[in-house]
Every structure is written in C-alpha cells, then in structure tokens.
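Chemist: Quick one: sequence plus predicted model below, questions after.
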Amino acid sequence: MSERSKLLAGFGLLIVLVTGGLGYIFTRPTWTDTELVTLKTLWIGSLPPLAPDPSNQYGDDPAAVEFGKKLFFDTRFSSNGEVACATCHLPEKGFQDGLPLAQGVGTTNRRAMPIAGTAYSPWMFWDGRKDSQWSQALGPLENPVEHGGSRTFYTHLIDENYRTEYEAIFGELPDLSDRTRFPEAAGPVADETARAAWEAMNPADRETVNQIFVNMGKAIAAYERQIMPTASRFDMYVQAALENDTKTMNATLTDEEVEGLRLFIGPANCTRCHNGPLFTDSSFHNTGVPAVESLPEDTGRAQGAQDVLADEFNCMSAYSDAEPDECDELNFMVAEGHELTRAFKAPSLRNVTARAPYMHAGQFTTLEAVLQHYSTAPTAPTGHSELEVLNLSERQIKSIIAFLYTLNSDISAP
C-alpha cells in the first residue's frame, strides 16, 4: 500500500481497486487507543457501584426507600396542599419540570435540577449549598415559595398519616398531641408567626421536631438514591467499540452522531465539565451565562460555599450519621475565591435534549443557543469566564446536538 493509501486508510477510508485507478468508499473512522480510553470513561458501564452515604444510615434501607417514595409524591407536605417533591421533579419529564424557573407555592429564582444519578454527587443545588440528598430534601420544605411549610407542620403530618411507616424505620414517635408544646406551625422559617412559635418552644421539644424532620429527609434521600439513568444508544456504541464490534457500531450511531461525539471529546472540549459516566464533573463553573435582569443577583457557588459550611444539617452536623473524617468534601472544599462568583454546577447531560430550557435560570431555550454561547464565549457579566472561543460551524453545532440525542434513555426508579 502506498503512503497516500495508508494516510487515507487512517482517516477511515476503504480503498478498492477499480478500472482506471483507485476508488474510495467512506467508512466509519476508527478510534485511537487514547480516544477509546476517553469513551470508556463516559460509558455507563464505568459507573462504579453506589457507595453508602455515611451521613445517612438509612440510605439503603428498603423500608426507607418505600417511605421516602410516599413522601416524595405527597402534596399534603406543602402549605397549600398542592406541592410535592414530584411537582418539580416529574418522573415523566426525567425528574425535572421543563420550566425556566421552578414553580412551587410560588415562583423560585432558579430552574429545577434533574436528580437522576445525583446520589453520586457531593453537592446539591446549582450552588452546592447542600452536601447530601437528605439535607437537600429539607431545604424546599421550608422555602416560602417551594413547599412553604414549617417543621412542626410536617411532624404533625407524619404523626397523623405515617406513624406506622416512620416507627418501623426510625423507632417510636413521641406524643405530639399537645399543641402548646408542638404548635401547628413552627420552625426557623420566613413566616414571622411560625418563627416566633419556634423560638418559644422548649429546646428539648425543638430537638424532637428536628430529629423527625431530619428523618423525613433521610427517607426521601433513600428513594432518590435509586433514581438512575439507564444505558443509552451511546453506551451501546461504546460497548461495541470496546469489543471491536464494527457492525453494531455502524448500526447504532449515524455518521453525524459520530462526528458530534468526536467534537464533544475533542475540539469542542465539552468533557472539561461534562465528563465521567454521568457526563458531569459535579463541580462549579462560570461559563459567562447572562444574568436574568428581573431576578435578584445570584453569585452561585460563592454564596453556596458559605451556606453549606453554615448548614445545620451538613455532613459535620449532629444530625449526620458520618464521622468527621468521613466528610472529606466538606473538610477540603474551596470556600473562597473569585472563580466561585457566578459559578454554577454542571448538570448531567444524560437526557439533556428533553430538558429545555437550559442553565440555572432557563436563560437559553434551545441547545443551539447553548452551543452558540459556548462557541462565541461572550464576555461574562463579572468579566470572568472559563470559556474560550471555539468558532464552531453550524454543521458542527448540529452534529454535537445529534450526538447529545444519543444520551437519551429511560430513568430507573422504584
């Protein structure tokens, strides 16, 4: 074979001899060993078994999973009786809501994040202000525009509707019938009446309520730990590539999808933030996303880092089941620095094509708009951004989006 023929073959060309010269039949490009290593890191088959959450001793208890599922879908756990966790995290929409700003009893300032696979993440919310699924579950319950309730309100609901399920997991519930000790609505919340009632309670009674409240979160987390993405066409393709099964590879992804994959792991540098089997590094990045003028200033991780350190329910708290030396993420987190300002968590890209609009406040309505933003790297509101100009062509953007569709799959949940 001539040097020219060898070069062409390296680009995935099948060379055939025809009358009057050489003919070229374009076939799928081959992957280098280095590229195969990268593809394997993105393959769902590389996702390790889910390790126990040391801060939640009930995280893998089947009874807690079932109890948490009931709480997840129960709209009674809201001030208007119409909002549940599943209101913003709908199973039929990939456990998100498809809205630019989440809608609870009111309107929030951010988009609801997808929760499939978040059991693998050390940080929750766009700003990482919570460091476990169970502590994350507690935040919306007390938020005035999400569930809008209070701690005693929720403990009375548990007492009246779920005493049997609760006691089977966490032990005996105390007598909560005395409303002078356990008011109907009391907690460290925005509502002044409920806050005053909370501050008037005996410290021991407040502690009783806190423990029930925390156990609710740990049960919800037990359910959420089971919510996982399943294998997609991309994963089938990578498995075939690792087995050198070209027939399955060619039948699984189109030329355009393969081109998009090459760009994704190569020149487009998407794996800088969206890497690993869940297509996220679970970290925080300032990508110059514009602020929404009608919303309050949002500094992202800069504030979230301070909030998680001060959180009464973090891994180091008295309500955590972890030992202090098991809280590495909290112990060694970066808490300050200009790079944290307007840095937001990179979400998983699995099922991303079904999750418009995009970014932390739904700033972009389409994936085309997202990729145009990444391609042009406009000046960030803060003057700081991690983006570099890519100058992607329309064809390249189209190919990357075609590839992203190959990440779609069912989501497994109890």
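Modeler: In hand now; what should we look at?
Chemist: Packing partners of the helix or strand hosting residue 209?
Modeler: Element membership of residue 209, judged by DSSP states H and E, is helix 203-224. For helix 203-224, the elements it packs on are helix 62-73, helix 133-142, helix 151-161, helix 163-170, judged by 3 or more Cβ pairs under 8 Å, 6 or more residues apart in numbering; DSSP states H and E. C-beta coordinates here come from the backbone N, C-alpha and C atoms, glycine included.
Chemist: So what touches the helix or strand that comes right after that helix?
Modeler: Downstream of helix 203-224, the next assigned helix or strand under DSSP H and E is strand 228-229. Contact with strand 228-229 is made by 44, 116-117, 119, 278, 348, 350-351, 409-413, as judged by Cβ atoms under 8 Å, 6 or more residues apart in numbering.
Chemist: Sheet partners, orientation included, of strand 228-229?
Modeler: Using DSSP bridges, the strands paired with strand 228-229 in its sheet are strand 411-412 (antiparallel).
Chemist: returning to what we had before: tell me the most packed of the contacts of strand 228-229, by neighbour count.
Modeler: Counting by other Cβ atoms under 10 Å, residue 350 has the largest number of neighbours within the contacts of strand 228-229, with 29 neighbours.
Chemist: Bridged to the closest residue to it other than its chain neighbours, which residues?
Modeler: Once flanking residues are discounted, residue 350 sits nearest to residue 229: 4.4 Å by Cβ to Cβ, 6 or more residues apart in numbering. Residue 229 forms beta bridges with residue 411, as assigned by DSSP bridges.
Chemist: Distance check, residue 229 against residue 348.
Modeler: Computed as Cβ to Cβ, to the nearest Å, the residue 229 to residue 348 distance reads 7 Å.
Chemist: do residue 250 as well
Modeler: Taken as Cβ to Cβ, the span from residue 250 to residue 348 is 27 Å.
Chemist: can you tell me which of the helices and strands packed on helix 203-224 comes nearest to residue 309?
Modeler: Distance to residue 309, taken as Cβ to Cβ, is lowest for helix 133-142 among the helices and strands packed on helix 203-224, at 12.7 Å.
Chemist: Summarise which helices and strands the closest one is packed against.
Modeler: Applying 3+ Cβ pairs under 8 Å, 6+ apart, one finds that helix 133-142 contacts helix 85-88, helix 203-224.
Chemist: ok, now with 6 Å
Modeler: Packing contacts for helix 133-142, counted by 3 or more Cβ pairs under 6 Å, 6 or more residues apart in numbering; DSSP states H and E, involve helix 203-224.
Chemist: Restrict the helix it packs on to CA atoms and write it as PDB.
Modeler: Taking C-alpha atoms only, helix 203-224 is exported to PDB below (Å, rounded to 0.1, in the frame of the first residue of the first chain):
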ATOM      1  CA  PRO A 203     -35.300  23.400  73.400                       C
ATOM      2  CA  ALA A 204     -35.800  19.700  74.000                       C
ATOM      3  CA  ASP A 205     -39.100  19.900  72.100                       C
ATOM      4  CA  ARG A 206     -37.400  21.700  69.200                       C
ATOM      5  CA  GLU A 207     -34.800  18.900  69.100                       C
ATOM      6  CA  THR A 208     -37.600  16.300  69.000                       C
ATOM      7  CA  VAL A 209     -39.100  18.000  66.000                       C
ATOM      8  CA  ASN A 210     -35.700  18.500  64.300                       C
ATOM      9  CA  GLN A 211     -35.000  14.800  64.500                       C
ATOM     10  CA  ILE A 212     -38.300  13.800  62.900                       C
ATOM     11  CA  PHE A 213     -37.700  16.500  60.200                       C
ATOM     12  CA  VAL A 214     -34.200  15.100  59.500                       C
ATOM     13  CA  ASN A 215     -35.500  11.500  59.300                       C
ATOM     14  CA  MET A 216     -38.000  12.700  56.700                       C
ATOM     15  CA  GLY A 217     -35.100  13.900  54.600                       C
ATOM     16  CA  LYS A 218     -33.200  10.700  55.000                       C
ATOM     17  CA  ALA A 219     -36.200   8.700  53.900                       C
ATOM     18  CA  ILE A 220     -36.700  10.900  50.800                       C
ATOM     19  CA  ALA A 221     -33.000  10.500  50.100                       C
ATOM     20  CA  ALA A 222     -33.200   6.700  50.300                       C
ATOM     21  CA  TYR A 223     -35.800   6.900  47.500                       C
ATOM     22  CA  GLU A 224     -33.800   9.400  45.400                       C
END
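Chemist: Good, wrapping up.
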